[in-house]
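Colleague: My questions concern the predicted model and sequence given below.
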Amino acid sequence: MRRSLLIVLVAVLGLLAGCASFPDEGPRDWQDKIEGQGELGGPPSVAPPQQQEGGGGGGDSAQGGGQAPTGCVDPDPQVVATCLQPVGAVAVLPSGVAALVGERTTGRVLRIERGRDPVLVTTIPVDTAGGGGLTGLVLSPGYAEDQLVYAYATTPEDNRVLRLAPNEPPKPVLTGIPKGPTGNGGALGVDAGNTLLVATGGAGGAPPESLAGKVLRIDTLGRPAPTNPDPASPVLSSGLTEPGGICTDTATQTSWVTDRAASRDVLFRVRPGPLGAPAWTWPDRPGVAGCMTQPGVVTVALTTAAALSVLRPAEDGSFTGVPETLLGGVYGRLNAATLGSDGLLWLGTVNKSGGKPVPSDDRVIRIQPPSGGGASKS
């Protein structure tokens, strides 16, 4: 009897060992976890592809040729995913047709693609107090080889940068960024030198020597970039309050960061040391959020104003005239903004956080970006 039990046990252990094995050559692909019923509910659904002429428009309640969304089905052909929680960040995968989406309030990271149900990649435990949560997401500079993704999140203890790897739980890369009653949101980007840029909130008045209210520049292991003003410190620049997005024009090697300062919204050109005077200001405080750059254009998502603000820098990086406003009221409160490899602009909405959501909110949209060339129009 004992011998029979021993044989069965050995057989079971052999099967388990086979299930736990991994391929030992080349990078492993993301293994998406299909999310079932549970405390977060079932997966959001995606509108099926529609053959329609023209783009989405017609106000916050009717897109796609004037047809209103029905449940999670949105007739707008530019809508990639629907029925999400407020979108904190979007990172477009190299194919340009799929993306990873971070939900600010749930900490979920979902893989989305038009015509397919989103699938859960991982969940990061987050604290949403003071504007925190999951607010940053970016692919590793060496994503093609390492398959890594980085996230900026607020935990009960601090704000931090985490590394997301296939088949592994999120791992801290940089911790101890102060958490406060306000200013806990942050943003992630990659600069022209393929190092990570981290925009951190001011945490409601954290000590100036802390990592709060800074632009940090680190490598993929969380170590300070050797070209920082102090090679032993991750700090590149200082002077932020509530950053919404950070983006880099690889052609000019210029990085920009948006910020909601005490009395106005601003756009800074990132430089070593104190950020100094803003490159552009919005006294009406439209809620600057994510940003996207291409040669001759900087596009900023506006949350409160529910639109895009398009600025066109001169050769010296200065702006004149008045920014162009696009998509006013079409998709509601815009937050995340990033550029795909195919040159299309991806946007995420936060209409469930203080807006007037339609049945298919919150959504991720993919559109043709504004063209560059010349200074901002007068």
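Modeller: Arrived safely.
Colleague: Just give the nearest non-adjacent residue to residue 212, would you?
Modeller: Of all residues beyond its chain neighbours, the one nearest residue 212 is residue 206 (3.6 Å), with distances taken as CB to CB, 6 or more residues apart in numbering. C-beta here means a position set from N, CA and C on the backbone, and glycine is covered the same way.
Colleague: show me what contacts that neighbour?
Modeller: 178, 180, 212, 213 (CB atoms under 8 Å, 6 or more residues apart in numbering).
Colleague: Now with 10 Å, please.
Modeller: Contact partners of residue 206, counting by CB atoms under 10 Å, 6 or more residues apart in numbering, are 177, 178, 179, 180, 183, 200, 212, 213, 214.
Colleague: Repeat that for residue 274.
Modeller: By CB under 10 Å, 6+ apart, the neighbours of residue 274 are 237, 238, 239.
Colleague: number of nearby residues for the nearest residue to residue 224 once chain neighbours are set aside?
Modeller: Nearest residue to residue 224 in three dimensions, chain neighbours excluded: residue 234, at 4.4 Å (CB to CB, 6+ apart). Residue 234 has 23 neighbours, counted by other CB atoms under 10 Å.
Colleague: separation between residue 234 and residue 214?
Modeller: According to CB to CB, to the nearest Å, residue 234 stands 8 Å off from residue 214.
Colleague: so what sits against both of the two?
Modeller: Between them, residue 234 and residue 214 share the contacting residues 177, 198, 200, judged by CB under 10 Å, 6+ apart.
Colleague: In TSV: those, plus secondary structure, neighbour count and distance to residue 146.
Modeller: Putting the shared contacts of residue 234 and residue 214 into TSV (DSSP: H, G, I helix; E, B strand; the rest coil; neighbours: other CB atoms under 10 Å; distance: CB to CB, whole Å) gives the following:
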residue	secondary structure	neighbour count	distance to residue 146
177	strand	25	23
198	strand	30	18
200	strand	31	24
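Colleague: which SS class is residue 208?
Modeller: coil (DSSP: H, G, I helix; E, B strand; the rest coil).
Colleague: re the thing from before, and the contacts of residue 206, which are buried?
Modeller: 177, 178, 179, 180, 183, 200, 212, 213, 214 (16 or more other CB atoms under 10 Å).
Colleague: Which of those residues fall in helices?
Modeller: Among those, none falls in helices (DSSP state H).
Colleague: Just send these back as CSV, with pLDDT and distance to residue 129 too.
Modeller: Listed next are the buried ones among the contacts of residue 206 as CSV, based on pLDDT from 0 to 100; distance: CB to CB, whole Å:
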residue, pLDDT, distance to residue 129
177, 98, 15
178, 97, 13
179, 97, 8
180, 96, 9
183, 96, 11
200, 98, 16
212, 98, 15
213, 98, 18
214, 98, 20
